[in-house]
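Chemist: got a predicted structure here, sequence first:
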Amino acid sequence: GQVENVSPGQMADEPIRPVNIPRREKDFQGMLEYKKEDELKLVKNLILELKPRGVAVNLIPGLPAYILFMCLRHADYVNDDQKVRALLTSTINSIKKILKKRGDDFETVSFWLANTCRFLHCLKQYSGDDQFMKYNTPKQNEHCLSNFDLAEYRQVLSDLAIQIYQQLIKCMENILQPMIVSGMLEHETIQGVSGVKPTGLRKRTSSIADEGTYTLDSIIRQLNSFHSVMYQHGTDPELIKQVVKQQFYIVGAVTLNNLLLRKDMCSWSKGMQIRYNVSQLEEWLRDKNLMVCGAKETLEPLIQAAQLLQVKKKTDEDAEAICSMCNSLTTAQIVKVLNLYTPVNAFEERVSVTFIRTIQNRLRDRKESPQLLLDTKMIYPVTFPFNPSSLALETIQIPGSLNLSFLTRV
């Protein structure tokens with residue numbers, strides 16, 4: 001008896017170990033099946049107990065959203081309206097629950113903002129509506145929902161995404177707020193500009209801040225950190241732009257408000273300092289390709305206040321120049337800066353009362369609010385432009401680390 005087809009190292013009488021033969025991808029339809037009684041386990045493992053920091057770092061961005069949508073597709077495919085409704089309700093409630101519990105953690109909020117938006121995009125992309133189908137491959141169009149119109153749920157998810165976005169802005173504000181005044185106004189980024197301080201008061205100036213003080217670098221490092229977390233989570237580029245615009249508004253508004261309340265900040269040298277810091281923030285925008293997201297424009301009132309500290313403030317021509325330059329500042333803000341302006345040395349004098357009157361007369365026909373301080377809590381309205389995904393659902397594999405072995409790829 002000849003031994004045929006024996007692989008090297010295997011004796012003829014050894015039992016052949018069963019080999020796991022993976023199915024070809026084209027055999028999958030991009031759906032996930034689960035038993036009704038496993039629904040709680042699904043939202044528990046995928047939403048309530050998923051740690052964005054641990055497991056989620058290595059996932060395809062938006063994977064939880066794709067998994068939930070593939071489960072939903074199967075419930076739609078078998079025409080089980082109860083299962084569809086139950087899954088959508090559990091998903092929405094679980095996301096709300098995790099945000100209630102960990103709503104002050106930037107990474108958690110960012111992660112669920114990105115996934116809620118991706119889930120919303122999936123509901124549109126595979127809705128069967130022509131306006132969304134035109135972005136799909138023919139294969140993706142085979143994956144459209146076949147039995148239920150979930151437009152109402154899209155509205156609910158969109159409202160949820162707005163809530164999460166506002167939560168994200170609050171989180172960022174709480175982290176940035178303590179850094180702004182110190183980093184933008186107090187800390188001297190340019191050495192030797194502030195003129196000689198009276199003897200006895202000279203504090204050690206060094207570009208390395210004392211422990212515990214924030215500098216402009218602290219702010220830029222924080223902006224980098226926010227940006228890379230959102231990018232890792234697969235946040236839509238259009239949404240990142242809106243977040244950055246809001247961050248810049250907060251930095252500009254808090255800085256300007258402090259300037260308007262502090263005499264020691266209204267000097268020529270502070271004007272120079274602020275303009276330097278603003279240029280560094282603009283540089284950051286340029287590096288990140290975010291020059292056209294509206295962020296730079298939110299700094300305009302601050303830039304004009306800094307220019308106001310640096311220009312001549314004596315003649316009628318100076319007054320005219322100031323009035324045309326400061327179109328993003330209110331009259332109240334311009335007058336306040338001029339009143340607070342403090343000469344750095346003996347050669348300079350305070351701004352005269354007459355000059356300030358001239359400014360007030362020139363600006364009296366302006367239609368504007370009498371407000372002095374900016375509203376630092378203002379949040380720009382957010383939109384979620386449709387962002388279809390090129391990812392083919394049938395190729396998605398579920399990593400073991402998610403503990404979802406009870407789901408079956410269909």
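Modeler: Everything's here; your move.
Chemist: so for residue 18, what's the pLDDT?
Modeler: At residue 18, the pLDDT value in this model is 67.
Chemist: off-centre distance for the helix ranked longest in the chain?
Modeler: Of all the segments of type helix in the chain, defined by DSSP state H, the longest one is helix 151-180. Centroid separation for helix 151-180 versus its chain: 9 Å, with C-alpha atoms, centre = their mean, to the nearest Å.
Chemist: buried stuff in it?
Modeler: 153-154, 157, 160-162, 164-165, 167-169, 171-173, 176, 179-180 (16 or more other C-beta atoms under 10 Å). Quick note: C-beta positions are derived from backbone N, CA and C, even for glycine.
Chemist: for the stretch 101-250 of the chain, which segments count as helices?
Modeler: 106-125, 130-133, 138-142, 151-180, 216-232, 237-259 (DSSP state H, counting those that start in this stretch).
Chemist: relative to residue 84, which of these is closest?
Modeler: Closest to residue 84 of the helices of the stretch 101-250 of the chain is helix 151-180 (C-beta to C-beta; 8.9 Å).
Chemist: show me what the longest helix of the chain is packed up against.
Modeler: helix 81-102, helix 106-125, helix 216-232, helix 237-259 (3 or more C-beta pairs under 8 Å, 6 or more residues apart in numbering; DSSP states H and E).
Chemist: between that helix and helix 216-232, how many degrees?
Modeler: Helix 151-180 and helix 216-232 meet at an angle of 160 degrees, taking axes from the mean of the first three to the mean of the last three C-alpha atoms, to 10 degrees as the criterion.
Chemist: low-confidence ranges in this structure?
Modeler: By pLDDT under 70, the weakly predicted segments of the chain are 1-26, 55-56, 192-211.
Chemist: who's in contact with residue 133?
Modeler: 141, 144 (C-beta atoms under 8 Å, 6 or more residues apart in numbering).
Chemist: gap between it and residue 114?
Modeler: 24 Å (C-beta to C-beta, to the nearest Å).
Chemist: looking at the helices of the stretch 101-250 of the chain, which is nearest to residue 186?
Modeler: helix 237-259 (9.0 Å).
Chemist: just how off-centre is the closest one within its chain?
Modeler: The answer for helix 237-259 is 11 Å, by C-alpha atoms, centre = their mean.
Chemist: and what of stretch 272-285?
Modeler: 20 Å.
Chemist: run through who's touching that stretch.
Modeler: Contacting residues not belonging to stretch 272-285 are listed as 183-185, 188-190, 193-194, 216, 219-220, 223-224, 244, 248, 251, 255, 259, 291, 293, 295-296, 299, 302-303, 305-307, 309-310 [C-beta under 8 Å, 6+ apart].
Chemist: buried members of the residues you listed into ChimeraX, please.
Modeler: The ChimeraX command for the buried members of these (criterion: 16+ other C-beta under 10 Å) is given here:
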select :183,184,185,188,189,193,194,216,219,220,223,244,248,251,255,259,293,295,296,299,302,303,305,306,307,309
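Chemist: separation between residue 242 and residue 62?
Modeler: As judged by C-beta to C-beta, residue 242 and residue 62 stand 18 Å apart.
Chemist: rewinding a little: any chance of the helices and strands packed on helix 151-180 in a markdown table, plus distance to residue 270?
Modeler: Formatted as a markdown table, those follow (distance: least, C-beta to C-beta, whole Å):
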| stretch | distance to residue 270 |
| --- | --- |
| helix 81-102 | 40 |
| helix 106-125 | 31 |
| helix 216-232 | 14 |
| helix 237-259 | 8 |
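Chemist: so which of those is the most packed in?
Modeler: helix 106-125 (a mean of 25; mean count of other C-beta atoms under 10 Å).
Chemist: and the angle for it with helix 237-259?
Modeler: Put simply, helix 106-125 runs at 140 degrees to helix 237-259, going by the same axes, to 10 degrees.
Chemist: which other helices and strands does helix 106-125 contact?
Modeler: Counting contacts by 3+ C-beta pairs under 8 Å, 6+ apart, helix 106-125 is packed against helix 63-77, helix 81-102, helix 151-180, helix 216-232.
Chemist: need the CA coordinates for it. CSV is fine.
Modeler: Output of helix 106-125 as CSV, limited to C-alpha atoms (Å, rounded to 0.1, in the frame of the first residue of the first chain):
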residue,chain,number,x,y,z
PHE,A,106,-13.7,63.9,26.3
GLU,A,107,-12.7,60.6,24.7
THR,A,108,-16.0,58.9,25.5
VAL,A,109,-18.1,61.8,24.2
SER,A,110,-16.0,62.1,21.1
PHE,A,111,-16.2,58.3,20.4
TRP,A,112,-20.0,58.3,20.7
LEU,A,113,-20.4,61.5,18.6
ALA,A,114,-18.4,59.8,15.8
ASN,A,115,-20.3,56.6,16.1
THR,A,116,-23.8,58.2,16.3
CYS,A,117,-23.0,60.2,13.2
ARG,A,118,-21.8,57.1,11.4
PHE,A,119,-24.9,55.2,12.4
LEU,A,120,-27.0,58.1,11.1
HIS,A,121,-25.0,58.1,7.8
CYS,A,122,-25.6,54.3,7.4
LEU,A,123,-29.3,54.8,7.9
LYS,A,124,-29.3,57.3,5.0
GLN,A,125,-26.7,55.5,2.8
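Chemist: for the nearest residue to residue 379 once chain neighbours are set aside, which residues are in contact?
Modeler: Residue nearest to residue 379 in three dimensions, not counting chain neighbours: residue 169, with 5.5 Å by C-beta to C-beta, 6 or more residues apart in numbering. Contacts for residue 169 (C-beta under 8 Å, 6+ apart) come out as 243, 246, 379.
Chemist: ok, and what's touching stretch 317-331?
Modeler: Outside stretch 317-331, the residues that reach it (C-beta under 8 Å, 6+ apart) are 300-301, 304-305, 307-308, 311-313, 334, 337, 355, 358-360, 362-364, 366, 368-372.
Chemist: just give me how far that stretch sits from the chain centre.
Modeler: Put simply, stretch 317-331 sits 34 Å off its chain's centre (C-alpha atoms, centre = their mean).
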